[in-house]
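K.L.:
coordinates for the following, if possible.
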Amino acid sequence: KLTYISPVIEKLLGYSPAEIIGEKFYHYVQKKDRPLLRKLFKEVLKGSPQTKKIKLPTRNVGTKSVRISFNPIKSNDHISGISGIITDLTIGKITKKALEESEKKYLDLIENLPVGVFRWSAEPDGHFIMANEATAKICGFESVDELLGTPVAERYFDADEYIGTLEKIDQKGILIEEEQRLKKTDGTAVWCLVTAKTVMGKADTPPCYDGVILDITGRKSAEEALQISEERFKSIAEGSDDWIWEIGPDLHVRYSNTRVRDVVGYEPEEVIGISLLDLMSEEEMQSHEFAGDYTLLNDKIFAGHKTYLRTKKGGTVITESSGIPIFRRDRSFVGFQGLTKDVTEAVRAREEEENRRQQLIQADKMISLGILVSGVAHEINNPNQFIMLNVHILKRAWETVAPILEKYYEEYGDFPLGGMPYSKMK
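P.N.:
Predicted coordinates:
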């Protein structure tokens, strides 16, 4: 779709800019020329400028012979659009004022691009002959005027690197997004993505190199910091006595240190890509319903998570795991980093200690019960001894009074004795 068009279009084809902006360019081309135009656009979007003479339909049902020059608009790492100039061949030229306005807008567009655009002479000691403000800033110059005319080789730390760049361009005709470490005017380094192409001049014009340059120093610094961080993490992880791992939100292992072999007997490369569920024992799997509330399926910090894992040899180990969730900048959950300890011996030691404690408690209870029974028996035994010692006296006393009582019973009948009838007492 057209995003800008010069007011000259109204004189050329009869349409006002307001009528055309927002419409597709193909609508203003004859149907028979559209396939050719699509082919040209594809080449331009690959970075190759194109020029073609065609006839464009006018608003008054006529046509005009024009020459259209298409050029790619490059932004950041890609081509973001196409700019062009339509020249009226019917009258041979457009007005000088319209041409100046068009060129000014095109130059303004180049100057406002956030990437550097440059041209340098195609020679061993090539110099900058054209550039925008972004190029000057990347190279450390205060203005474009200071940059123009300076040797391109001075922007390289090593002359061989500059020569190598020229050889690459000459061999393939183009250099595409090559990372290069260039030198600013103050001697500091700046990492750039450089794209350059050989432009063959006309009969009276020598060839040159046109290209774009993008400052990626920030990105390179971030990549280096990330690499240092990863190396530091791996160094710490490999020196740890625990199994350190990283898993995705689907529980599949993305990283494992070598301690995994001490816990479950596998090598790190054997567990990469497999799910932690595949390492769990059958008892563990049966004791859990792996729904959304399972610990490792929630984006929350967890600690001391006890799990029974199956070893490579078919055994079972008791483990204790702790982990923290990993989030992207948009706070989307991408997995966990954590560590796992083999606590089998510790758990069994605690169980044995608990068993011994229970045995001691039971023994203490039995001692207490023995003391209680002994005390009760003593209290019962004292009166029994008293009775046993006096029973003989009571027997002799009974034998002495029994005849008297019997004679009284025979003469007077039954009578109470100790609260009982004598007939029953005797």
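
K.L.:
just checking, A131 touches G116?
P.N.:
Yes: counting by CB atoms under 8 Å, G116 is a contact partner of A131 at 6.9 Å. (Each C-beta comes from the backbone N, C-alpha and C, glycine too.)

K.L.:
who touches both of these two?
P.N.:
Taking CB atoms under 8 Å, 6 or more residues apart in numbering as the criterion, A131 and G116 do not both touch any residue.

K.L.:
so how far is V391 from G419?
P.N.:
Per CB to CB, to the nearest Å, G419 is found 20 Å from V391.

K.L.:
same check, this time on S235
P.N.:
Distance from S235 to V391, by CB to CB: 94 Å.

K.L.:
D215 now?
P.N.:
D215 is 120 Å from V391, by CB to CB.

K.L.:
so for these two, which residue has more residues nearby?
P.N.:
Taking other CB atoms under 10 Å, D215 and V391 do not tie; D215 has more neighbours (20 against 9).

K.L.:
how about the nearest residue to the more buried one, chain neighbours excluded?
P.N.:
Leaving aside its chain neighbours, D215 sits nearest to I138 (5.0 Å; criterion: CB to CB, 6 or more residues apart in numbering).

K.L.:
got it, and E111?
P.N.:
E111 sits nearest to N132 (CB to CB, 6+ apart), 5.1 Å away.

K.L.:
which SSE is immediately downstream of the biggest helix by length in the chain?
P.N.:
What stands out as the longest helix in the chain, according to DSSP state H, is helix 344-412. As assigned by DSSP states H and E, the chain's next helix or strand after helix 344-412 is strand 416-417.

K.L.:
tell me which element G335 falls in.
P.N.:
Short version, using DSSP H and E: G335 is in strand 333-342.

K.L.:
neighbouring strands for that strand, and are they parallel or not?
P.N.:
When pairing is defined by DSSP bridges, strand 333-342 lines up against strand 243-247 (antiparallel), strand 316-327 (antiparallel).

K.L.:
give me whichever of those strands is most buried.
P.N.:
Among the strands paired with strand 333-342, ranked by average contacts under mean count of other CB atoms under 10 Å, first place goes to strand 243-247 (a mean of 23).

K.L.:
the protein: helices as residue ranges?
P.N.:
Secondary structure of the chain by DSSP H: the helices cover 8-13, 17-20, 34-45, 96-112, 133-139, 144-147, 159-172, 217-238, 260-263, 268-271, 282-287, 344-412, 422-425.

K.L.:
dump these to JSON lines, plus mean pLDDT and distance to G304.
P.N.:
Conversion of these to JSON lines gives the following (pLDDT from 0 to 100; distance: least, CB to CB, whole Å):
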{"stretch": "helix 8-13", "mean pLDDT": "86", "distance to G304": "74"}
{"stretch": "helix 17-20", "mean pLDDT": "88", "distance to G304": "69"}
{"stretch": "helix 34-45", "mean pLDDT": "88", "distance to G304": "58"}
{"stretch": "helix 96-112", "mean pLDDT": "69", "distance to G304": "58"}
{"stretch": "helix 133-139", "mean pLDDT": "91", "distance to G304": "53"}
{"stretch": "helix 144-147", "mean pLDDT": "91", "distance to G304": "63"}
{"stretch": "helix 159-172", "mean pLDDT": "88", "distance to G304": "56"}
{"stretch": "helix 217-238", "mean pLDDT": "79", "distance to G304": "20"}
{"stretch": "helix 260-263", "mean pLDDT": "90", "distance to G304": "16"}
{"stretch": "helix 268-271", "mean pLDDT": "91", "distance to G304": "22"}
{"stretch": "helix 282-287", "mean pLDDT": "68", "distance to G304": "16"}
{"stretch": "helix 344-412", "mean pLDDT": "82", "distance to G304": "12"}
{"stretch": "helix 422-425", "mean pLDDT": "82", "distance to G304": "78"}
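
K.L.:
these: which one's closest to L89?
P.N.:
helix 8-13 (10.7 Å; CB to CB).

K.L.:
buried residues in the closest one?
P.N.:
By neighbour count with 16 or more other CB atoms under 10 Å, helix 8-13 contains the buried residues 8-10, 12-13.

K.L.:
just stretch 120-127 next, same as before
P.N.:
Of all the residues in stretch 120-127, those buried under the rule 16+ other CB under 10 Å are 120, 122, 126.

K.L.:
residues touching that stretch, excluding its own?
P.N.:
Residues from elsewhere that reach stretch 120-127 (CB under 8 Å, 6+ apart): 128-129, 148-153, 163, 166, 198, 206-209.

K.L.:
least confident pick among those?
P.N.:
Within the set of these, pLDDT is lowest for P206 (74).

K.L.:
number of residues surrounding that residue?
P.N.:
Neighbour count of P206, defined by other CB under 10 Å: 10.

K.L.:
now it: how far from A122?
P.N.:
Applying CB to CB to P206 and A122 gives a distance of 7 Å.

K.L.:
which residue packs closest to M280, ignoring adjacent ones?
P.N.:
Among residues not flanking M280 along the chain, L309 sits closest, at 6.1 Å (CB to CB, 6+ apart).
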